[in-house]
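Asker: 3D, please:
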Amino acid sequence: MDPVLVQVTTTFDDEAAALEMADGAVQARLAACAQIEGPITAIYRWQGQVHREREWRLVLKTRPQLTEALVLHIRALHTYDLPEIVVTPIIGGSPEYLAWAAGEAETTA
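Answerer: Residues are numbered from 1 along each chain as shown. Below is the predicted model:
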């Protein structure tokens with residue numbers, strides 16, 4: 001089954017940066033909406049050391065056709081050397097919500 005929408009997730013070390021990315025993606029209609037969760041605790045290995053950091057998770061909803069453009073948008077503006085960018089298919093849900101989100105995420109170019 002093809003996804004109706006996808007959820008694109010990334011993280012930031014600063015809430016303001018997450019807000020800026022969310023605003024830009026929604027303004028550009030690359031995403032229908034965004035949710036920011038945090039702070040969360042991230043524990044990861046980077047350059048041979050284990051780190052424990054506070055982060056804010058940004059979750060963006062978009063149409064599958066816009067995934068590549070949204071990922072490029074995130075990569076171009078993200079402050080991390082290697083940002084987490086994970087795409088998860090949404091295969092169902094509230095038909096009214098899914099229709100609204102699909103209509104909001106569409107480039108006019």
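
Asker: tell me how far the top helix by length along the chain is from the chain's mean position?
Answerer: Longest helix in the chain by number of residues, with DSSP state H as the criterion: helix 15-27. Mean-position distance between helix 15-27 and its chain equals 10 Å (CA atoms, centre = their mean, to the nearest Å).

Asker: Identify each buried residue in that helix, please.
Answerer: A17, A18, M21, A22, A25, V26 (16 or more other CB atoms under 10 Å). C-beta: built from backbone N, CA, C; applies to glycine.

Asker: Just the closest of those to I40, please.
Answerer: A18 (11.1 Å; CB to CB).

Asker: Could you pull up the residues touching that closest one?
Answerer: Neighbour list for A18: T11, F12, I36, G38, W56, R57, L58 [criterion: CB atoms under 8 Å, 6 or more residues apart in numbering].

Asker: make it 10 Å
Answerer: T10, T11, F12, A34, Q35, I36, E37, G38, E55, W56, R57, L58 (CB atoms under 10 Å, 6 or more residues apart in numbering).

Asker: Just send the buried residues of helix 15-27 back as a markdown table, with pLDDT and distance to V6 too.
Answerer: Formatted as a markdown table, the buried residues of helix 15-27 follow (pLDDT from 0 to 100; distance: CB to CB, whole Å):
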| residue | pLDDT | distance to V6 |
| --- | --- | --- |
| A17 | 97 | 22 |
| A18 | 98 | 19 |
| M21 | 97 | 17 |
| A22 | 98 | 16 |
| A25 | 97 | 13 |
| V26 | 97 | 15 |
